[in-house]
Structure formats: structure tokens, C-alpha cells
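Colleague: Give me coordinates for this.
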Amino acid sequence: MAVTLTPVALDRVQRFLQRDTTALGLRFGVARTGCSGWGHVADLAHDRRADDAVFEQDGVRIFVDAKSLPLVDGTEIDFARQGLGETFVFRNPNATAECGCGESFTT
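Modeller: Numbers count the residues shown, from 1 in each chain. Okay, here's the model as predicted:
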């Protein structure tokens, strides 16, 4: 089981961590949302929870809770420009369909 960051995403997360010295790493998982059921959630992790799986890549820790792990296992997190903005992009091999706007997915 693993969640990985592309070099561009790794660089972006490292910059976020440099700005917030209280953060332990990246928290990644899913939440119920949208018309397809699940949405990816990424934020800085400020604590380690008892049920977290922790992956480490080039010094960046990625914390994933036990309920999210089966839904995000194998996900590659990228960071890309889209139009005038920038966003994280999730390549999740467990997603079988996405809603039309790309907000949520189903497995």
C-alpha cells in the first residue's frame, strides 16, 4: 500500500511545510461529497492519529486514516496549473467513475 507524490507535488508540499513549522506532513484521505460519493481531501497534518498509515517520500510524511486507505491506496498526487489557478491532481487507480465536474468519484 502506498500514496506517492510526483516531483512537482513533492516540491509544493515541502514549501507548505517550510511555511508551517508545526505541521508534521501531508494529511490525505477522502470525505463524502459531491454527486459521485467521495472527494479527495488534502491538508497539512498537525497530529498523528492512532489509525494513520504513514508513508514517507524524500522526507515528507503522508498521513492516511484507516477508513480512507482502501479508497486511496496507489494514488499518485500531482500538482498542476489549470487555467489561471494551481491545484493538486489525484490519480487514483481505485476511482471507477467521476462526476462531470470532477469534484467527486466512486469506486
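Colleague: per-residue pLDDT, N94?
Modeller: We have a pLDDT of 82 for N94.
Colleague: Please, which helix or strand holds it?
Modeller: Following DSSP states H and E, there is no helix or strand that holds N94.
Colleague: OK, contacts around it?
Modeller: 70-75, 107 (Cβ atoms under 8 Å, 6 or more residues apart in numbering). Where C-beta positions appear, they are placed from N, C-alpha and C, glycine not excepted.
Colleague: Go again with 10 Å.
Modeller: By Cβ atoms under 10 Å, 6 or more residues apart in numbering, the contact set of N94 is 30, 38, 70-75, 105-107.
Colleague: Pull out the buried residues from those residues.
Modeller: Neighbour-count burial (16 or more other Cβ atoms under 10 Å) is assigned, among the contacts of N94, to 30, 38, 71-72, 75, 105.
Colleague: Please identify which pair of these lies farthest apart.
Modeller: W38 and T75 (11.8 Å; Cβ to Cβ).
Colleague: what touches both of those two?
Modeller: With Cβ under 10 Å, 6+ apart as the test, W38 and T75 both reach 30, 68, 92, 94-95.
Colleague: with those residues in mind, which one is nearest to A9?
Modeller: Of the shared contacts of W38 and T75, the one sitting nearest to A9 (Cβ to Cβ) turns out to be N92, at 13.7 Å.
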